[in-house]
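Visitor: just the structure for this:
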Amino acid sequence: MNSQTFDPHLLDELKAIIDRGQAAREIMTRQQHKEYIGSFRERFGAGALRVLDGEALLRAMHGRQDSDARCLCYWLEFKNDDEFAGNSFGSIAGGSALKFGVYQRQTDGAWMGGKGTKPKVIALEEAIQIARQQRDELLVRGQGPKRIGFR
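Guide: Predicted coordinates for the structure are as follows:
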């Protein structure tokens, strides 16, 4: 479909709506989109995840104790600021943190796993194994034709 298919007045109206939305920061610009995706890839892209392992990988993906170094799951669920306007990309907020397979309990830093609504404390090594498996799945999926920003 090309612009010749649409009434030129409709196209002008749509462009004006987009311009107003971008001016009001309700719609991101192409440059903002590029910057947000760049920030995400720099921190959680294949290059960043590939070099991490062990507890560093676990903390980068799931750590909740260090508020200055927010984890991947935090970015996906909550982050919405000038560095990354997460709400503009949709939301997975709500429900149990077990949707991520493992999480760090804020009260005492324990690693939690389990199924459904039945969290249980798991050993550090088990939490690391989960993070490794997830990282490896992201890296493999990020190489295919339907990659979604992990490359």
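Visitor: quick one: what helix or strand has the residue nearest the centre of the chain in it?
Guide: Centroid-nearest residue in the chain, with C-alpha atoms, centre = their mean: L76, separated by 3.3 Å. Using DSSP states H and E, L76 sits within helix 72-77.
Visitor: how far off centre is that helix?
Guide: Here helix 72-77 shows a centroid-to-chain-centroid distance of 5 Å under the convention C-alpha atoms, centre = their mean, to the nearest Å.
Visitor: could you do stretch 102-113 as well?
Guide: Taking mean C-alpha positions (C-alpha atoms, centre = their mean), stretch 102-113 and its chain are 19 Å apart.
Visitor: list the buried residues of it.
Guide: Neighbour-count burial for stretch 102-113, with 16 or more other C-beta atoms under 10 Å as criterion, is recorded at 102-104, 111-113. Yep, even glycine has a C-beta here, placed from its N, CA and C like the rest.
Visitor: of the residues you listed, which belong to strands?
Guide: Of the buried residues of stretch 102-113, the ones assigned to strands by DSSP state E are 103-104, 111-113.
Visitor: just to revisit the earlier point, out of the buried residues of stretch 102-113, flag the one nearest to P8.
Guide: Closest approach between these and P8, by C-beta to C-beta: Y103, at 52.2 Å.
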